[in-house]
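In: structure for the following, please:
(one chain, ligands or ions: 1)
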Amino acid sequence: MVTRLLRLTLLGALATTALCGSHAWETKLQEPADTRPLPVDAAGYAIKDPSREHQFRKRWIGLRTDSTESLWPEKTISYCYSTSEAKDKLAKFIKQATMLWHQAGLHKDVYKYKEVANPGGSCTGYSNRANTLVINVRTDKPYMDSTVGLPLLNARDTEYKGPTMNLDYENARFAWTARGQAVVATIAHEFGHAWGLYHEHQNRYFWNAPVSFANGVIFGDKFDCAAIPGYMEVLQKAIADGNGDERLLCVSKRMADKYNFTAGQWLPWRTFKSKNSYYAGQSYDDVDWESIMLYGSSDGSATGTPILLRNDGQSFQSNFRPSLGDVEGIRTLYEPANSFSGGFPVLPNSSKSPFYTKFINMFKKNKGC
Ligand SMILES: [Zn+2]
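Out: Numbering: from 1, shown residues only. Below is the predicted model:
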């Protein structure tokens with residue numbers, strides 16, 4: 001899941017080559033209660049439902065970039081498949097997953113996906129490999145992962161050739177079942193990473209000490225790190241290394257990543273971009289519990305018991321479609337001039353806009369010109 005993070009620990013600048021995992025591995029997947037698509041307006045944006053209005057208080061977290069080069073140019077993910085099998089097995093699920101983003105409000109004519117090379121050697125050896133997402137069928141591990149955004153090539157990480165998404169074919173085979181719905185949702189989660197989002201629960205302003213000194217009140221008291229697969233092995237290795245690392249395995253994302261321990265998918269990032277970054281999570285309402293980038297409490301548990309509960313003991317579920325907050329996060333990364341802090345703008349061609357009549361009349365007036 002985080003194959004290169006040993007180097008990341010040593011060289012903090014390599015953060016962009018991190019692979020982010022998903023909630024698909026060995027989880028008890030539950031059928032979503034409601035998978036109806038959100039209604040969209042004439043401009044293709046989700047129509048705001050007052051009951052979901054609170055979404056705009058939530059804070060997505062995403063890649064913090066010093067340069068737009070680590071986001072996809074032209075708001076277009078260029079991709080190809082590493083093998084013909086990958087394309088045969090995954091293309092329809094990927095289409096469904098990207099459709100979930102569109103239905104949630106990510107405009108399909110603005111946020112695009114472009115297959116730039118044929119499957120196989122044309123893809124993996126593609127001349128612009130560094131700027132192309134290669135989609136692999138994963139057979140080695142029972143989970144999916146993706147690089148975040150468009151990581152830049154880095155001379156200190158010679159293994160890194162370009163962005164990669166590993167999807168689990170064994171899971172994809174179930175894609176027409178309820179479990180399969182979760183697979184499509186998981187692929188949508190991976191595309192959230194590919195666009196540049198991190199996990200919702202990895203916002204350090206939500207966590208309390210000693211994991212974070214940001215004085216968050218939402219997570220930290222009930223984080224059962226020992227329920228994460230591989231905990232005992234990693235603990236023993238850290239003790240054997242004799243550096244005292246074991247004290248930080250369940251506290252520091254960097255340390256967890258150093259040992260390829262998946263606690264690094266729960267523990268908070270130190271740096272990221274977000275709305276109101278410097279504001280500690282002081283209320284459970286600050287978390288986007290509907291985010292597709294959120295793990296459920298028991299997702300990935302080795303023991304079946306929850307890994308992460310809220311500090312008040314309540315559990316929470318992962319989600320099967322992107323939230324408005326997720327869409328807002330991607331749009332803010334790619335459209336920084338419009339942070340939409342008060343929600344999405346109402347465009348003049350929407351019937352909800354006060355300028356709608358004027359806008360339509362303008363067209364009528366110009367008819368025949
Ligand atoms: Zn993930």
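
In: what about residue 153, distance to the ion?
Out: The gap separating residue 153 from the ion is 23 Å, by Cβ to the ion, to the nearest Å. Every C-beta, even on glycine, is put in place using the N, C-alpha and C of the backbone.

In: helices of the stretch 201-350 of the chain, start to end?
Out: 231-241, 253-258, 324-334 (DSSP state H, counting those that start in this stretch).

In: show me what counts as buried in the last one.
Out: Just to be clear, that refers to helix 324-334. Within helix 324-334, the residues that qualify as buried are 324, 325, 326, 327, 328, 329, 330, 331, 332, 333, 334, counting by 16 or more other Cβ atoms under 10 Å.

In: quick one: which of these is nearest the ion?
Out: residue 326 (12.0 Å; Cβ to the ion).

In: that closest one reaches residue 196, doesn't it?
Out: No - using Cβ atoms under 8 Å, residue 326 is not in contact with residue 196, being 11.1 Å away.

In: so for stretch 273-284, mean pLDDT?
Out: The average pLDDT within stretch 273-284 is 66.

In: okay, how far is it across that stretch, tip to tip?
Out: 20 Å (Cα to Cα, to the nearest Å).

In: check stretch 218-233 too.
Out: When the termini of stretch 218-233 are compared using Cα to Cα, they are 29 Å apart.

In: what comes into contact with it?
Out: With contact meaning Cβ atoms under 8 Å, 6 or more residues apart in numbering, stretch 218-233 is reached by 26, 201, 206-209, 211-212, 249-250, 261-263, 266, 281, 284, 286-287, 300-303, 305-311, 313.

In: could you rerun that using 6 Å?
Out: 206-208, 211, 250, 262-263, 281, 287, 301-303, 305, 307-309, 311 (Cβ atoms under 6 Å, 6 or more residues apart in numbering).

In: in this protein, which spans are strands?
Out: 19-21, 61-62, 76-81, 112-115, 133-138, 145-147, 164-168, 273-274 (DSSP state E).

In: may I see the ones you listed organised as JSON lines, with mean neighbour count and distance to residue 154 added?
Out: JSON lines is the format used below for the strands of the chain (neighbours: other Cβ atoms under 10 Å; distance: least, Cβ to Cβ, whole Å):
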{"stretch": "strand 19-21", "mean neighbour count": "22", "distance to residue 154": "14"}
{"stretch": "strand 61-62", "mean neighbour count": "26", "distance to residue 154": "20"}
{"stretch": "strand 76-81", "mean neighbour count": "21", "distance to residue 154": "19"}
{"stretch": "strand 112-115", "mean neighbour count": "15", "distance to residue 154": "24"}
{"stretch": "strand 133-138", "mean neighbour count": "22", "distance to residue 154": "17"}
{"stretch": "strand 145-147", "mean neighbour count": "24", "distance to residue 154": "12"}
{"stretch": "strand 164-168", "mean neighbour count": "24", "distance to residue 154": "14"}
{"stretch": "strand 273-274", "mean neighbour count": "18", "distance to residue 154": "20"}
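
In: any chance of these in JSON lines with distance to residue 91 as columns?
Out: As requested, those are exported to JSON lines (distance: least, Cβ to Cβ, whole Å):
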{"stretch": "strand 19-21", "distance to residue 91": "22"}
{"stretch": "strand 61-62", "distance to residue 91": "27"}
{"stretch": "strand 76-81", "distance to residue 91": "8"}
{"stretch": "strand 112-115", "distance to residue 91": "9"}
{"stretch": "strand 133-138", "distance to residue 91": "9"}
{"stretch": "strand 145-147", "distance to residue 91": "17"}
{"stretch": "strand 164-168", "distance to residue 91": "11"}
{"stretch": "strand 273-274", "distance to residue 91": "31"}
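
In: least reliable of these going by mean pLDDT?
Out: With a mean of 64, strand 19-21 has the lowest mean pLDDT of the strands of the chain.

In: tally of neighbours for residue 159?
Out: 9 (other Cβ atoms under 10 Å).

In: ok, residue 184 - contacts?
Out: The neighbours of residue 184, taking Cβ under 6 Å, 6+ apart as the test, are 93, 96, 97.

In: so which of the helices of the stretch 201-350 of the chain comes closest to residue 80?
Out: Residue 80 sits nearest to helix 324-334 of all those, at 21.7 Å, using Cβ to Cβ.

In: wait, does the closest one make contact with the ion?
Out: No - Helix 324-334 lies out of reach of the ion by Cβ under 5 Å from the ion, never closer than 12.0 Å.

In: same for that helix, what does it pack against?
Out: Of the remaining helices and strands, none touches helix 324-334 by 3 or more Cβ pairs under 6 Å, 6 or more residues apart in numbering; DSSP states H and E.
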